[in-house]
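> Provided below are the primary sequence and the corresponding predicted coordinates.
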Amino acid sequence: MPNLKEIKRRIQSVKNTQQITKAMKLVAASKLRKAQQAILEARPYAIKMMDVLNHLAARCNSDLHPLLDVRDGKRHLLLVITSDKGLCGGFNGTIIRKTAQFLKDNESHDHSLIVAGKKGNDVFSNRPVTILEDIIGWTKDFDYLKAQAIGENLATLFTEKKVDKVSMVYNEFKSVMQQEVVIEQLLPVAPEKLAHKEGTFAVDYVYEPDEEAILDDLLKRYMTVEVYRAFLESSASEHGARMTAMDAATRNAGDMIGGLTLTYNKARQAYITKELIEIVNGAEALKG
Amino acid sequence: MSQKLTLNIVTPAKQLVSEQVDQVNAPGSEGDLGILYDHAPILTNLRSGQLSYEVDGETIALVVSGGYLEVTDNRVTVLAETGEFLHEIDRERAERAHAAAEKQLSQPDISEEDFIETQKKLFRAIARLENSENN
């Protein structure tokens, strides 16, 4: 017969866990609200920036700029954005798997990584890939200036021809329940991406100071904005994933408590029945 | 029907303004611009300074730093690196930034890049200080 005390202790322990997961869910929810706000407010800037860049690139002789330089080299740098903390469902697992798959599919290329987030670094530091840099602890107070530093670093690596291509791998925030891993080329700034919106008619613009200067400035800033956006997307996705995971965990704990309580009640009932039988037997024996 | 411009001011952190306005005055890198209805398409860099716009005779001013201004089709788009309404300016912070930048600029062994960067910071601080004074 199952030990009553044992079951009771288990129920208590599951209840404790449930309280923790519930608290984590609430924390994630409030952080998610903030992160979601941030990404929603950053998107208009990124979109407008893209518009301006498109207008400009459609009219400029853009082959001249070093950040647009398409090279045949095989050195490919990936910026992989993971989180610092776990307990967020498949968030890190998916991105690590996708990255590994990507490395495998493009074995002929010479890959190197810049990994943001502790979780990604834990995994990739044990694998045979070059990690140029790790950015650990970014999830705390990430801001535009940090994105700028990262962006400039990437641009320098590219313009000094240490790498021929730079892509970002990150979780894009679709909705609270849904994140999607995207692999996006950052450098060279892709011409097809630029030509994307050429429906806009070519008006004669006045440029101050001149086209090249603006293009140069704009491209640099565009990079920063893209990096910034990617990190914000990732951050919002992480909190979303954590909230969903913790919600599921809380529900599972609830189910478990239900099951255990049922077992506990059955065991208790059996115990009472047994005691009753013993008493009745005893009384019968005395009567006899 | 009055002829209005659609003004959008966005920074990486936030969409600051999205409004129908009569006039925009902006600090272009080559000189100040006043933009009215039917302005020619233009794309320009901005320097640190005061950007103001007028709606129905009322003038609203901000301090912006860095970024672009684009005018197409009576839509004015300002992509600024930072932007604050005058009453939001933190004078103390600007003063600290001003002092720090000046100190750094006076060092003899400063590199060219740092010089340019710091100079930008200095201009930004000055723009903030100047404009919050006439508040």
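Thanks, I have the structure now. This structure is a prediction, so every number in the text was calculated from the model and none was measured. Numbers count the residues shown, from 1 in each chain, chains lettered A, B, ... in the order given.

> List the buried residues in the longest strand along chain B.
Secondary structure assigned by DSSP state E gives strand B:58-72 as the longest strand of chain B. Neighbour counts using 16 or more other Cβ atoms under 10 Å in any protein chain shown place B:L62, B:V63, B:V64, B:S65, B:G66, B:G67, B:Y68, B:L69, B:E70, B:V71, B:T72 of strand B:58-72 among the buried residues. In this view, the C-beta of every residue, glycine as well, is placed from N, C-alpha and C.

> now swap in stretch A:129-136 and tell me
Judged by neighbour count (16+ other Cβ under 10 Å), stretch A:129-136 contains these buried residues: A:D134, A:I135.

> all helices of the stretch 151-288 of chain A, in order?
Assigned by DSSP state H, counting those that start in this stretch, the stretch 151-288 of chain A shows helices spanning A:191-195, A:211-287.

> Now render those helices as JSON lines, adding distance to A:Y45 and mean neighbour count.
Below are the helices of the stretch 151-288 of chain A laid out as JSON lines (distance: least, Cβ to Cβ, whole Å; neighbours: other Cβ atoms under 10 Å in any protein chain shown):
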{"stretch": "helix A:191-195", "distance to A:Y45": "17", "mean neighbour count": "13"}
{"stretch": "helix A:211-287", "distance to A:Y45": "6", "mean neighbour count": "17"}
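
> Would you mind saying which of these lies nearest chain B?
Chain B lies closest to helix A:211-287 among the helices of the stretch 151-288 of chain A, at 6.0 Å (Cβ to the nearest Cβ).

> Tell me the helices and strands packed up against that closest one.
Using 3 or more Cβ pairs under 8 Å, 6 or more residues apart in numbering or on different chains; DSSP states H and E, the elements in contact with helix A:211-287 are helix A:4-59, strand A:75-81, helix A:91-105, helix A:144-159, strand A:165-173, strand A:179-187, strand B:42-45, strand B:58-72.

> hmm, who's touching the second one?
Here strand A:75-81 makes contact (Cβ atoms under 8 Å, 6 or more residues apart in numbering or on different chains) with A:95-96, A:99, A:102, A:106, A:109-117, A:120, A:124, A:132, A:150, A:154, A:157-158, A:162-171, A:183, A:186, A:227, A:230-231, A:234.

> If any of the residues you listed are buried, give me the ChimeraX selection for them.
The ChimeraX selection below is limited to those of these classed as buried (16+ other Cβ under 10 Å):
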select /A:95,96,99,102,111,112,113,114,115,116,117,120,124,150,154,157,158,163,164,165,166,167,168,169,170,171,186,227,230,231,234
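
> what is the residue nearest in space to the middle of chain B paired to in the beta sheet?
When Cα atoms, centre = their mean is applied to chain B, the residue found nearest the centroid is B:V64 (2.4 Å). For B:V64, the beta-bridge partners are B:G49, B:G83 (DSSP bridges).

> Could you list which residues are in contact with it?
B:V64 touches B:I9, B:P27, B:L46, B:S48, B:G49, B:Q50, B:L51, B:V78, B:A80, B:E81, B:T82, B:G83, counting by Cβ under 8 Å, 6+ apart.

> Tell me the confidence at it?
As predicted, B:V64 sits at a pLDDT of 88.

> neighbours around the nearest residue to A:V182 once chain neighbours are set aside, how many?
Leaving aside its sequence neighbours, A:V182 sits nearest to A:E172 (Cβ to Cβ, 6 or more residues apart in numbering or on different chains; 4.9 Å). By the measure other Cβ atoms under 10 Å in any protein chain shown, the count of residues near A:E172 is 17.

> And A:E172, how close does it get to A:S30?
Distance of A:E172 to A:S30, computed by Cβ to Cβ, to the nearest Å: 22 Å.

> Over to A:T21?
Distance from A:T21 to A:S30, by Cβ to Cβ: 15 Å.

> For the two, indicate the residue with more neighbours.
Shown here are A:T21 and A:S30; by other Cβ under 10 Å, A:T21 has more neighbours (20 against 11).

> any chance of the contacts of B:V64 in a markdown table, plus neighbour count and pLDDT?
Shown next, in a markdown table, are the contacts of B:V64 (neighbours: other Cβ atoms under 10 Å in any protein chain shown; pLDDT from 0 to 100):
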| residue | neighbour count | pLDDT |
| --- | --- | --- |
| B:I9 | 25 | 90 |
| B:P27 | 21 | 89 |
| B:L46 | 22 | 89 |
| B:S48 | 24 | 86 |
| B:G49 | 22 | 85 |
| B:Q50 | 18 | 87 |
| B:L51 | 26 | 90 |
| B:V78 | 25 | 90 |
| B:A80 | 24 | 88 |
| B:E81 | 21 | 83 |
| B:T82 | 17 | 84 |
| B:G83 | 22 | 85 |
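
> Of those residues, just say which sits nearest to chain A.
Taking Cβ to the nearest Cβ as the measure, chain A sits nearest to B:E81 out of these, at 7.9 Å.

> Show me the shaky parts of chain B.
Along chain B, segments meeting pLDDT under 70 span B:1-2, B:132-135.

> mind redoing it with 50?
B:1, B:135 (pLDDT under 50).

> Enumerate the residues of it near chain A.
B:8, B:10-15, B:28-30, B:40-45, B:67-68, B:70, B:72, B:77, B:79, B:81 (Cβ under 8 Å from any Cβ of the partner chain).

> Assign the spatially closest residue to A:D164 that is not a sequence neighbour to helix, strand or coil.
Of all residues not flanking A:D164 in the chain, A:G73 sits nearest, at 3.2 Å (Cβ to Cβ, 6+ apart). Here A:G73 takes the coil state, with states given by DSSP: H, G, I helix; E, B strand; the rest coil.

> for the one 10 residues further on, same thing?
Following three-state DSSP, we place A:S83 in the coil state.

> you'd agree it is up against A:G137?
No. Counting by Cβ atoms under 8 Å, A:S83 sits too far from A:G137 to count as a contact (10.8 Å).

> neighbour count winner among those two?
The neighbour comparison of A:S83 against A:G137 (other Cβ under 10 Å) goes to A:S83, with 25 against 12.

> and that one, how far is that from chain B?
For A:S83, the distance to chain B equals 22 Å [Cβ to the nearest Cβ, to the nearest Å].

> How about the backbone phi and psi for that residue?
When read as degrees, to the nearest 10, the backbone of A:S83 gives phi -100, psi 170.

> quick one: contacts for it?
With contact taken as Cβ under 8 Å, 6+ apart, A:S83 is in contact with A:F91, A:N92, A:G117, A:K118, A:K119, A:T139, A:S234, A:E238.

> Report the secondary structure state of the closest residue in space to the second one that isn't next to it in sequence.
The spatial neighbour of A:N92 that comes closest, neighbours along the chain excluded (Cβ to Cβ, 6+ apart), is A:K119 at 4.3 Å. Classification of A:K119 using three-state DSSP returns helix.
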